[in-house]
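# What shape does this take:
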Amino acid sequence: MPLVNFTNLDFEEVKSTLTEYLKSNSNFTDYDFEGSNLSSILDVLAYNTYITSYNANMVANEVFIDTATLRENVIALARNIGYTPKSRKAATSSITFFVDTTNITPVPASLTLRKGTVVASQGVFGTGSGSFCILDDITVPVVNKIASFNNIPIYEGVVVEKNFTYSDRNPQQKFILPNIGIDTELIRVSVRNNSSATATVKYSLQDNLFYIGSESKVYFLQEVSDERYELFFGDGSFGKKLEDQNYITVTYLTSNGDAGNGFSQFSFNGRITYTRDGNEYTVTSGISLVTPEFSSRGGSAIEGVESVRKYAPKIYATQNRAVTADDYETLIPARIYPDTESISVFGGEELNPPQYGKVFISIKPKFGDFLPNLIKENIKLKLKKYAVAGVVPEILDLKYLYIEISSKIYYNTNLAPSPADVSSIVSNNASKYANSTELNKYGARFKYSKFLKIIDDSHPSVTSNITIMKMRRNLRVVPSTLAEYQIGFGNQFHIANNSGYNIKSSAFRIFGVTENLYLGDIPNSEGTTGSLFFFSLPNVGSQNPSIVRSNVGTIDYINGIITINAVNITAGMEKDGQQIIEIQATPLSNDVVGLQDLYLQLDTSNSTFEMVSDEIASGLDPSASSYIVSSSYAEGNLVRVGGPENVTPTVVTTADITTTNNSFTGTTSTSGTSGGSTPSGAGSGY
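Reported below is the predicted structural model:
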């Protein structure tokens, strides 16, 4: 009997296999393997086989990136395919302060803020504290005896300096930074001819071999064991080769990553100097309070093993070029803009009508809702190294598609502490689902049945729920400007009433009309499109509308697109300093998707969870004669609450009206897209 099962990882089965093998041998026919000394020998053999098999299995696992468990092995395998994991990232903020030099003698012409620690936090997070630094000296002039340090970027952590002396007699020399928690984006490398030389040459980080010559002052970086980093330099072909006794100075920052986020109170803890007549003086007085521009943010931990497993093969597949949508979705967060929380990319050929030669990119940053224009331009500039010639990238602003819930929750009064307690639990669970990764990404889908289960499972007293959902987008308008508007929902509309009023809007005002107006629709005979009209109401709850203007636009129920013809909107609903119109529709399917550049959000602040006593389950009304019935269909007001209720109508003359270019030539997508097209200078949805 051969030993065929030699890869078994169960000790008892290995021993059983060895026993059966020996029993089949005629030399051991009369032996008692359970009670004899052979049992101990079999134990030793089984343990040896077990340990050998386990080690062989683990070694085999560590050879492949999909199964490796040790970070050092995953990083080494990723390095073989050209991927460098993202380092820990220091939290950042921006501060402003000034120095009054009135009482400083001798009077300085300029002041220099020295690199290193600048401010310390003050008791944020209870007893928590932290220090924030700069990596380069900052010099400002003294004007009217005031030196102003404005918008100084600061980084959480400690500045460390490490020096190396290169020796060409040591071919195995390595330049390893001994600290963990290094933010590799903040590393500064300079080289001098020797330790006594004063002239320095700055070297820049390079992550590939493109555009590198034999004299390029560059260095390369790779992660080694224990989350440390190793620097290495050119060989004379790719990058300038170091010479004997070259003195290398590396300045870097070690941070606490995401633990540095959220600090907003700072006290000055830096060093300010000036030089006069060859002497250096330190300033200790006249320093104002430190004013932060925003709370510290952007700190993050080193890239995890699972993230490396995900992105390393994708980066390798791109081959440093952006051709497909997947290439863009991989390169931007991994190589260009690491602060990407979610990204959506689609080609212009997917639009209706198509826009060939363009690729549309929508990015949700980790902090904030929109990308600043400067970052957009930097991303497009960096994409030129990877993009195919002739393909123009367009970065779209984030567009939110909100889901609002109206739920009647039936509960057993015998099992509930109180209706308020159960309602609070349901609301908290809904908020957790709203903040989950299922929704907070592009291409997300609101799973209606799963949400109903979340409500039912919130508390043992909940017996059922009747949940109605609607979707909403906010149309951003340009007041007192003649413009055409288009907004897309990316989901088909449900036509509940062929006589109209399937969509609802908040109030707005237009030029020439002093009363609040609302947007309404009426389907055409085929039921796929319809026309829009403006109407007014005596009050929000009225069911007696008066149509003010007809045929003011069109609605596409199939593609979920609303187009308003050129109109001068003078006032809308104010939100975040913008004039908007909230537009609500009922989706044909309760499973709503975030199409293309739409970012799905469950708006719990505009959702309601109403408790209804289930008297059948509680035994109060077993015959169901007084059972409270809740409708499964949306009903109620014709409009949404909100609008310019207290706004004095803007008086606009004909000369004040600006006519916008109504041809769809803006940078956003056209009528077939989820977000809708926006003419240059006009408003848009967000």
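# Regarding the spatially most central residue of the chain, what is its secondary structure?
Centroid-nearest residue in the chain: residue 341, 1.8 Å away (criterion: CA atoms, centre = their mean). The local conformation at residue 341, judged by DSSP: H, G, I helix; E, B strand; the rest coil, is strand.
# Please name the residues that touch it.
364, 365, 366, 440, 441 (CB atoms under 8 Å, 6 or more residues apart in numbering). Placement of C-beta: from N, CA and C, glycine included.
# switch to 6 Å and redo it
Neighbouring residues of residue 341 by CB atoms under 6 Å, 6 or more residues apart in numbering: 364, 366.
# next one: residue 468
406, 634.
# CA atoms of the longest strand along the chain as PDB?
In the chain, assigned by DSSP state E, the strand with the most residues is strand 462-476. Output of strand 462-476 as PDB, limited to C-alpha atoms (Å, rounded to 0.1, in the frame of the first residue of the first chain):
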ATOM      1  CA  VAL A 462     -41.100  45.000  14.600                       C
ATOM      2  CA  THR A 463     -43.600  42.900  12.700                       C
ATOM      3  CA  SER A 464     -43.500  44.500   9.300                       C
ATOM      4  CA  ASN A 465     -43.100  47.700   7.400                       C
ATOM      5  CA  ILE A 466     -44.600  49.600   4.500                       C
ATOM      6  CA  THR A 467     -41.800  51.600   2.900                       C
ATOM      7  CA  ILE A 468     -42.200  54.100   0.100                       C
ATOM      8  CA  MET A 469     -39.100  55.600  -1.500                       C
ATOM      9  CA  LYS A 470     -38.400  58.500  -3.800                       C
ATOM     10  CA  MET A 471     -35.300  59.900  -5.400                       C
ATOM     11  CA  ARG A 472     -34.200  63.600  -5.500                       C
ATOM     12  CA  ARG A 473     -31.700  65.700  -7.200                       C
ATOM     13  CA  ASN A 474     -30.800  69.300  -6.500                       C
ATOM     14  CA  LEU A 475     -30.800  71.600  -9.600                       C
ATOM     15  CA  ARG A 476     -28.300  74.400  -9.100                       C
END
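# what is the rounded mean pLDDT of stretch 490-501?
The average pLDDT for stretch 490-501 rounds to 90.
# Buried residues, it. List them.
490, 491, 492, 493, 494, 495, 500, 501 (16 or more other CB atoms under 10 Å).
# Same check on stretch 613-631?
For stretch 613-631, using 16+ other CB under 10 Å, the buried residues are 613, 614, 615, 616, 617, 618, 630.
# who touches it?
Here stretch 613-631 has contacts from 408, 410, 411, 412, 413, 414, 463, 466, 612, using CB under 6 Å, 6+ apart.
# let's go with 10 Å and repeat that
Applying CB atoms under 10 Å, 6 or more residues apart in numbering, the external contacts of stretch 613-631 come out as 406-416, 419, 461-468, 610, 612.
# Return the members of these classed as buried.
Buried among the contacts of stretch 613-631 by 16+ other CB under 10 Å: 406-413, 416, 419, 461-468, 612.
# Pretty sure residue 325 sits against residue 361.
Yes: taking contacts as CB atoms under 10 Å, residue 325 lies within contact range of residue 361: 9.2 Å.
# who's more crowded, those two?
residue 361 (22 against 17; other CB atoms under 10 Å).
# circling back: pick the one among the buried residues of stretch 490-501 closest to residue 242.
Distances from residue 242 to the buried residues of stretch 490-501, taken as CB to CB, are shortest for residue 490 (55.6 Å).
# need the contact list for that closest one.
Contacts of residue 490 by CB under 10 Å, 6+ apart are 399, 401, 471, 473, 559-561, 587, 592-598, 600, 673-676.
# What strand or helix carries it?
Secondary structure from DSSP states H and E places residue 490 outside every helix and strand.
# one step back: name the strands paired with the longest strand of the chain and say parallel or antiparallel.
Under the criterion DSSP bridges, strand 462-476 sits next to strand 399-411 (antiparallel), strand 578-585 (antiparallel), strand 684-685 (antiparallel) in its sheet.
# so how far is residue 628 from residue 613?
Plainly put, residue 613 is 7 Å away from residue 628 if you go by CB to CB, to the nearest Å.
# Just the pLDDT for the nearest residue to residue 474 once chain neighbours are set aside.
Using CB to CB, 6 or more residues apart in numbering and skipping residues adjacent in sequence, the residue nearest residue 474 is residue 580, 4.5 Å away. Residue 580 carries a pLDDT score of 89 in this model.
# So in terms of bridging, what pairs with residue 580?
Beta bridges link residue 580 to residue 476, residue 573 when assigned by DSSP bridges.
# ok, it touching residue 507?
No: when contacts are counted by CB under 10 Å, residue 580 is not listed as touching residue 507 (11.3 Å).
# For stretch 164-178, which residues meet the burial criterion?
164, 166, 175, 177.
# Ok, stretch 228-240 next?
Result for stretch 228-240 [16+ other CB under 10 Å]: buried residues 229, 231, 233, 234, 238, 239, 240.
# got a list of what the last one touches?
Counting by CB under 10 Å, 6+ apart, residue 240 touches 191, 201, 203, 212-219, 233-234.
# who's more crowded, residue 580 and residue 507?
Taking other CB under 10 Å, residue 580 and residue 507 do not tie; residue 507 has more neighbours (25 against 22).
# correct me, but that one touches residue 581?
Yes: at 8.3 Å, residue 507 and residue 581 qualify as touching, with contact defined as CB under 10 Å.
# Mutual contacts of these two, please.
With CB under 10 Å, 6+ apart, residue 507 and residue 581 have common neighbours 517, 518, 519, 572, 573, 640, 642, 643.
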